[in-house]
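Participant: requesting a structural model of the entry that follows:
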Amino acid sequence: MNGILIIDKPKDYTSFDVIAVVRGCVRERKAGHTGTLDPMATGVLPVLLGNATKAQDLLPDTDKEYEADFRLGIATDTLDITGKVLQQVTPHATAEAIEALLPQFRGNILQVPPMYSAVFKNGVRLYELARQGIETQREARPVHVGSLTLTEFDEVSQCGRLSIACSKGTYIRVICDDLGKLLGCGCVMTALRRTRACGFTLKDAIPLEDIRRIAGEGGSFEPLIRPTDSVFTEFPAVTVSEKQAIRFQNGAPLALSRLKGPDTPLIGATYRVYAPGNIFLGLGTLSDEALTVRKRF
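Facilitator: Presented below is the predicted three-dimensional model:
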(Lines give C-alpha, C1' and ligand atoms only; values in the text may rest on other atoms or scores of the structure.)
Protein backbone atom coordinates (compact mmCIF):
# COMPACT_ATOMS: atom_id res chain seq x y z
CA MET A 1 0.00 0.00 0.00
CA ASN A 2 1.54 3.28 -1.14
CA GLY A 3 0.51 6.78 -0.13
CA ILE A 4 -0.23 8.97 2.88
CA LEU A 5 -2.67 8.44 5.71
CA ILE A 6 -3.49 11.57 7.73
CA ILE A 7 -3.94 10.64 11.39
CA ASP A 8 -5.39 12.77 14.17
CA LYS A 9 -2.91 11.69 16.85
CA PRO A 10 -4.41 11.09 20.28
CA LYS A 11 -2.87 12.27 23.53
CA ASP A 12 -0.39 10.03 25.40
CA TYR A 13 0.78 8.31 22.21
CA THR A 14 4.24 8.86 20.77
CA SER A 15 4.50 9.33 17.02
CA PHE A 16 6.15 5.90 16.88
CA ASP A 17 3.20 4.40 18.79
CA VAL A 18 0.92 5.72 16.05
CA ILE A 19 3.15 4.23 13.35
CA ALA A 20 3.04 0.84 15.08
CA VAL A 21 -0.77 0.90 15.22
CA VAL A 22 -1.14 2.01 11.59
CA ARG A 23 1.42 -0.53 10.36
CA GLY A 24 -0.51 -3.35 12.01
CA CYS A 25 -3.93 -2.16 10.88
CA VAL A 26 -3.15 -1.51 7.20
CA ARG A 27 -0.68 -4.41 7.04
CA GLU A 28 2.10 -2.33 5.51
CA ARG A 29 5.59 -2.94 6.88
CA LYS A 30 7.10 0.27 5.50
CA ALA A 31 5.69 3.26 7.38
CA GLY A 32 7.02 6.53 8.74
CA HIS A 33 5.83 9.93 9.92
CA THR A 34 6.58 13.44 8.67
CA GLY A 35 7.26 15.17 11.98
CA THR A 36 7.37 14.09 15.60
CA LEU A 37 4.65 15.10 18.04
CA ASP A 38 5.30 14.76 21.78
CA PRO A 39 3.04 12.33 23.69
CA MET A 40 1.02 15.18 25.22
CA ALA A 41 0.35 16.68 21.77
CA THR A 42 -2.55 15.80 19.49
CA GLY A 43 -3.50 16.57 15.92
CA VAL A 44 -2.32 16.22 12.35
CA LEU A 45 0.28 13.50 11.82
CA PRO A 46 0.76 12.43 8.17
CA VAL A 47 1.88 8.80 7.99
CA LEU A 48 3.84 7.70 4.92
CA LEU A 49 3.15 4.20 3.65
CA GLY A 50 5.04 1.97 1.23
CA ASN A 51 7.13 3.82 -1.35
CA ALA A 52 5.84 7.13 0.06
CA THR A 53 8.40 6.68 2.86
CA LYS A 54 10.98 7.81 0.29
CA ALA A 55 9.50 11.30 0.68
CA GLN A 56 10.49 11.58 4.34
CA ASP A 57 13.69 13.59 3.79
CA LEU A 58 12.41 15.56 0.79
CA LEU A 59 9.37 17.32 2.20
CA PRO A 60 9.24 21.07 1.52
CA ASP A 61 9.57 23.22 4.65
CA THR A 62 5.99 24.46 4.79
CA ASP A 63 4.71 26.14 7.95
CA LYS A 64 2.99 24.02 10.57
CA GLU A 65 0.07 25.41 12.57
CA TYR A 66 -0.76 24.81 16.23
CA GLU A 67 -3.12 25.72 19.02
CA ALA A 68 -1.23 25.83 22.32
CA ASP A 69 -2.82 26.15 25.74
CA PHE A 70 -0.72 27.72 28.49
CA ARG A 71 -0.81 28.60 32.17
CA LEU A 72 1.04 31.46 33.80
CA GLY A 73 2.67 31.28 37.22
CA ILE A 74 4.50 27.96 36.78
CA ALA A 75 7.91 27.00 35.42
CA THR A 76 8.97 23.36 34.92
CA ASP A 77 12.07 21.55 33.72
CA THR A 78 10.30 20.29 30.58
CA LEU A 79 8.63 23.69 29.87
CA ASP A 80 5.24 21.97 29.87
CA ILE A 81 2.78 20.85 32.52
CA THR A 82 4.20 17.30 32.61
CA GLY A 83 7.54 18.37 34.09
CA LYS A 84 8.96 18.92 37.56
CA VAL A 85 7.83 22.25 39.01
CA LEU A 86 10.76 24.61 39.49
CA GLN A 87 8.86 27.78 40.34
CA GLN A 88 5.30 28.66 41.24
CA VAL A 89 3.92 32.12 41.92
CA THR A 90 0.59 33.91 41.78
CA PRO A 91 0.54 35.94 38.55
CA HIS A 92 -1.68 38.91 37.69
CA ALA A 93 -1.15 39.27 33.96
CA THR A 94 -3.65 40.78 31.55
CA ALA A 95 -4.44 39.92 27.95
CA GLU A 96 -3.15 43.35 26.95
CA ALA A 97 0.20 42.71 28.64
CA ILE A 98 0.58 39.38 26.84
CA GLU A 99 -0.38 40.80 23.45
CA ALA A 100 2.14 43.61 23.88
CA LEU A 101 4.93 41.00 24.11
CA LEU A 102 3.90 38.77 21.21
CA PRO A 103 5.57 40.87 18.46
CA GLN A 104 8.93 39.82 19.93
CA PHE A 105 8.17 36.22 18.93
CA ARG A 106 6.99 36.88 15.36
CA GLY A 107 9.09 36.72 12.21
CA ASN A 108 12.64 35.39 12.12
CA ILE A 109 13.75 34.70 15.68
CA LEU A 110 16.35 32.66 17.55
CA GLN A 111 15.35 29.83 19.88
CA VAL A 112 17.41 27.83 22.34
CA PRO A 113 16.27 24.16 22.14
CA PRO A 114 14.94 22.85 25.47
CA MET A 115 16.92 20.25 27.38
CA TYR A 116 14.00 17.85 27.03
CA SER A 117 14.26 17.59 23.24
CA ALA A 118 15.63 15.18 20.64
CA VAL A 119 18.38 17.56 19.53
CA PHE A 120 21.85 15.97 19.48
CA LYS A 121 24.72 17.38 21.53
CA ASN A 122 28.08 15.63 21.04
CA GLY A 123 26.28 12.55 19.73
CA VAL A 124 23.82 12.36 22.63
CA ARG A 125 20.19 13.51 22.58
CA LEU A 126 19.53 16.35 24.99
CA TYR A 127 16.67 14.56 26.74
CA GLU A 128 19.05 11.74 27.66
CA LEU A 129 21.30 14.24 29.41
CA ALA A 130 18.31 15.95 31.04
CA ARG A 131 17.13 12.64 32.52
CA GLN A 132 20.54 12.30 34.16
CA GLY A 133 20.19 15.76 35.68
CA ILE A 134 22.77 17.23 33.30
CA GLU A 135 22.16 20.60 31.71
CA THR A 136 24.45 21.65 28.90
CA GLN A 137 24.83 24.82 26.89
CA ARG A 138 22.82 24.90 23.65
CA GLU A 139 23.24 27.15 20.67
CA ALA A 140 20.28 29.25 19.60
CA ARG A 141 18.72 28.21 16.28
CA PRO A 142 16.92 30.37 13.72
CA VAL A 143 13.21 29.66 13.25
CA HIS A 144 10.36 31.55 11.64
CA VAL A 145 7.03 32.35 13.27
CA GLY A 146 4.64 33.44 10.54
CA SER A 147 1.80 34.30 12.88
CA LEU A 148 1.21 34.30 16.63
CA THR A 149 -2.13 35.30 18.13
CA LEU A 150 -3.61 35.23 21.61
CA THR A 151 -7.04 33.71 20.97
CA GLU A 152 -8.14 33.16 24.59
CA PHE A 153 -7.10 34.37 28.04
CA ASP A 154 -8.84 34.13 31.39
CA GLU A 155 -7.45 36.60 33.94
CA VAL A 156 -8.87 34.61 36.86
CA SER A 157 -7.22 31.27 36.03
CA GLN A 158 -4.30 32.95 34.20
CA CYS A 159 -4.75 30.37 31.42
CA GLY A 160 -4.94 31.07 27.73
CA ARG A 161 -4.47 29.82 24.18
CA LEU A 162 -2.12 30.80 21.40
CA SER A 163 -2.62 30.20 17.68
CA ILE A 164 0.74 29.74 15.94
CA ALA A 165 2.00 29.20 12.38
CA CYS A 166 5.72 28.43 12.33
CA SER A 167 8.56 26.75 10.50
CA LYS A 168 9.86 23.25 11.10
CA GLY A 169 11.96 23.01 14.26
CA THR A 170 10.06 25.64 16.24
CA TYR A 171 9.45 24.69 19.88
CA ILE A 172 6.08 25.97 21.08
CA ARG A 173 7.09 25.12 24.66
CA VAL A 174 9.99 27.55 24.36
CA ILE A 175 7.69 30.34 23.18
CA CYS A 176 5.50 29.77 26.26
CA ASP A 177 8.51 29.64 28.58
CA ASP A 178 10.09 32.77 27.10
CA LEU A 179 6.76 34.57 27.37
CA GLY A 180 6.61 33.66 31.07
CA LYS A 181 10.13 34.98 31.61
CA LEU A 182 9.24 38.31 30.03
CA LEU A 183 6.14 38.53 32.23
CA GLY A 184 8.26 37.65 35.27
CA CYS A 185 5.98 34.87 36.46
CA GLY A 186 6.81 31.74 34.48
CA CYS A 187 4.63 29.95 31.95
CA VAL A 188 4.10 26.34 30.91
CA MET A 189 2.38 24.80 27.92
CA THR A 190 -0.57 22.71 29.12
CA ALA A 191 -1.79 21.30 25.79
CA LEU A 192 -0.74 21.32 22.15
CA ARG A 193 -2.81 20.51 19.07
CA ARG A 194 -1.30 20.56 15.57
CA THR A 195 -3.96 21.82 13.19
CA ARG A 196 -1.94 21.82 9.96
CA ALA A 197 1.12 19.96 8.62
CA CYS A 198 2.43 19.24 5.09
CA GLY A 199 -0.58 21.09 3.66
CA PHE A 200 -3.09 18.86 5.49
CA THR A 201 -5.50 20.05 8.18
CA LEU A 202 -7.64 18.45 10.88
CA LYS A 203 -10.44 18.16 8.30
CA ASP A 204 -8.23 15.68 6.43
CA ALA A 205 -7.29 13.66 9.53
CA ILE A 206 -8.74 10.37 10.75
CA PRO A 207 -8.78 9.53 14.48
CA LEU A 208 -6.56 6.57 15.33
CA GLU A 209 -9.51 4.75 16.87
CA ASP A 210 -11.28 4.87 13.49
CA ILE A 211 -8.26 3.16 11.94
CA ARG A 212 -8.54 0.39 14.52
CA ARG A 213 -12.29 0.12 13.90
CA ILE A 214 -11.91 -0.16 10.12
CA ALA A 215 -9.25 -2.84 10.56
CA GLY A 216 -11.45 -4.75 13.00
CA GLU A 217 -14.39 -4.65 10.58
CA GLY A 218 -12.23 -5.79 7.68
CA GLY A 219 -12.84 -2.54 5.81
CA SER A 220 -10.72 -0.97 3.08
CA PHE A 221 -8.24 1.82 3.71
CA GLU A 222 -7.85 2.71 0.04
CA PRO A 223 -10.40 5.59 0.12
CA LEU A 224 -8.43 7.21 2.96
CA ILE A 225 -4.98 7.02 1.34
CA ARG A 226 -3.71 10.24 -0.22
CA PRO A 227 -1.37 10.00 -3.25
CA THR A 228 2.34 10.42 -2.56
CA ASP A 229 2.65 13.54 -4.68
CA SER A 230 0.11 15.37 -2.50
CA VAL A 231 2.92 16.36 -0.11
CA PHE A 232 4.87 17.97 -2.97
CA THR A 233 2.31 20.48 -4.24
CA GLU A 234 4.72 23.30 -3.34
CA PHE A 235 6.93 22.14 -6.23
CA PRO A 236 6.05 23.00 -9.86
CA ALA A 237 5.13 20.13 -12.19
CA VAL A 238 6.29 18.94 -15.61
CA THR A 239 4.84 16.18 -17.80
CA VAL A 240 7.21 14.12 -19.95
CA SER A 241 6.62 11.85 -22.95
CA GLU A 242 6.32 8.08 -22.63
CA LYS A 243 9.90 7.60 -23.86
CA GLN A 244 11.18 10.27 -21.47
CA ALA A 245 9.24 8.60 -18.65
CA ILE A 246 11.13 5.37 -19.29
CA ARG A 247 14.45 7.25 -19.26
CA PHE A 248 13.51 8.96 -16.00
CA GLN A 249 12.53 5.64 -14.40
CA ASN A 250 15.92 4.27 -15.42
CA GLY A 251 17.65 7.19 -13.70
CA ALA A 252 18.76 8.98 -16.89
CA PRO A 253 18.65 12.81 -17.24
CA LEU A 254 16.13 14.35 -19.64
CA ALA A 255 17.29 16.99 -22.13
CA LEU A 256 15.72 20.34 -21.31
CA SER A 257 15.17 21.09 -25.00
CA ARG A 258 12.86 18.09 -25.33
CA LEU A 259 10.69 18.81 -22.32
CA LYS A 260 7.17 20.14 -22.81
CA GLY A 261 7.10 22.90 -20.24
CA PRO A 262 7.73 24.45 -17.87
CA ASP A 263 7.03 27.73 -19.66
CA THR A 264 9.50 29.57 -17.43
CA PRO A 265 12.17 27.07 -16.31
CA LEU A 266 13.36 27.58 -12.74
CA ILE A 267 17.00 26.51 -12.85
CA GLY A 268 17.98 24.66 -9.68
CA ALA A 269 14.37 24.10 -8.67
CA THR A 270 12.79 20.76 -7.80
CA TYR A 271 9.96 19.58 -10.07
CA ARG A 272 7.25 16.97 -9.79
CA VAL A 273 7.63 14.72 -12.83
CA TYR A 274 4.62 13.03 -14.45
CA ALA A 275 4.17 10.55 -17.27
CA PRO A 276 1.22 10.90 -19.67
CA GLY A 277 -2.01 10.17 -17.84
CA ASN A 278 -0.89 12.17 -14.78
CA ILE A 279 1.20 9.27 -13.45
CA PHE A 280 3.59 10.52 -10.78
CA LEU A 281 7.15 9.35 -11.45
CA GLY A 282 9.15 11.28 -8.87
CA LEU A 283 11.11 14.46 -8.34
CA GLY A 284 13.68 16.00 -10.67
CA THR A 285 16.09 18.92 -10.44
CA LEU A 286 16.35 21.36 -13.34
CA SER A 287 19.75 22.49 -14.61
CA ASP A 288 20.71 24.60 -17.63
CA GLU A 289 20.61 21.59 -19.92
CA ALA A 290 18.69 18.74 -18.31
CA LEU A 291 16.19 17.52 -15.76
CA THR A 292 18.04 15.11 -13.51
CA VAL A 293 16.48 12.53 -11.22
CA ARG A 294 16.30 13.53 -7.58
CA LYS A 295 14.06 10.72 -6.35
CA ARG A 296 11.96 8.10 -8.12
CA PHE A 297 8.72 6.78 -6.61
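Participant: list phi and psi for Arg247.
Facilitator: phi -60, psi -40 (degrees, to the nearest 10).
Participant: from Leu79, how far off is it?
Facilitator: 52 Å (C-beta to C-beta, to the nearest Å). To be clear about C-beta, it is placed using only N, CA and C from the backbone, and glycine gets the same treatment.
Participant: the two: who's more crowded?
Facilitator: Leu79 (25 against 17; other C-beta atoms under 10 Å).
Participant: spatially nearest residue to the most centrally placed residue in the chain, not counting backbone neighbours?
Facilitator: Geometric centre of the chain, nearest residue: Gly35, 4.2 Å, by C-alpha atoms, centre = their mean. Spatial nearest neighbour of Gly35, chain neighbours left out: Ala197 (6.0 Å); criterion: C-beta to C-beta, 6 or more residues apart in numbering.
Participant: is the one you found in contact with Thr34, as I believe?
Facilitator: Yes. Judged on C-beta atoms under 8 Å, Ala197 makes contact with Thr34 at a distance of 6.6 Å.
Participant: skip the chain neighbours and tell me the closest residue to Gln88.
Facilitator: Ile74 (5.4 Å).
Participant: please apply the same query to Gln87.
Facilitator: Spatial nearest neighbour of Gln87, excluding adjacent residues (C-beta to C-beta, 6+ apart): Ala75 at 4.1 Å.
Participant: look up how far Thr90 lies from that neighbour.
Facilitator: Distance, Ala75 to Thr90, by C-beta to C-beta: 14 Å.
Participant: what of Gly83?
Facilitator: From Gly83 to Thr90 the distance is 20 Å (C-beta to C-beta).
Participant: circling back: neighbour-wise, which of Ala197 and Thr34 wins?
Facilitator: Neighbour comparison, Ala197 and Thr34: the larger count goes to Ala197, with 26 against 22 (by other C-beta under 10 Å).
Participant: check what pLDDT the more buried one gets.
Facilitator: Ala197 is assigned 94 on the pLDDT scale.
Participant: check contacts around it.
Facilitator: 34-35, 43-46, 64-65 (C-beta atoms under 8 Å, 6 or more residues apart in numbering).
Participant: got any ranges where the protein has weak pLDDT?
Facilitator: 260-264 (pLDDT under 70).
Participant: how about a cut-off of 80?
Facilitator: For the chain, the stretches flagged by pLDDT under 80 are 61, 115-119, 121-124, 126-127, 129-130, 134, 137, 257-266.
Participant: helices of that one, start to end?
Facilitator: Under the criterion DSSP state H, the chain contains helices at 15-26, 95-101, 126-131, 172-183, 208-216, 242-249.
Participant: name the stretch among the ones you listed that sits most buried.
Facilitator: Mean neighbours per residue, mean count of other C-beta atoms under 10 Å, is largest over those for helix 172-183, with a mean of 21.
Participant: tell me the helices and strands packed up against that helix.
Facilitator: For helix 172-183, the elements it packs on are strand 64-72, helix 95-101, strand 159-166, strand 187-197, judged by 3 or more C-beta pairs under 8 Å, 6 or more residues apart in numbering; DSSP states H and E.
Participant: so what's the closest residue to Thr90 other than its chain neighbours up against?
Facilitator: In space, and not counting its chain neighbours, Thr90 is closest to Gly73: 6.2 Å by C-beta to C-beta, 6+ apart. Shown in contact with Gly73 (C-beta under 8 Å, 6+ apart): 88-91, 158, 185-187.
Participant: what does Asp178 give?
Facilitator: Residues counted as contacts of Asp178 (C-beta under 8 Å, 6+ apart) are Phe105.
Participant: for Leu101, see how far away it is.
Facilitator: 9 Å.
Participant: break the chain into its domains for me.
Facilitator: The chain breaks down by automatic domain parsing into domains covering 3-61+199-230, 64-197, 235-296.
Participant: enumerate every residue touching Gln137.
Facilitator: With contact set as C-beta under 8 Å, 6+ apart, Gln137 has no partners.
Participant: quick check: the gap between it and Leu126.
Facilitator: Computed as C-beta to C-beta, the Gln137 to Leu126 distance reads 11 Å.
Participant: what of Ala93?
Facilitator: Distance, Ala93 to Leu126, using C-beta to C-beta: 29 Å.
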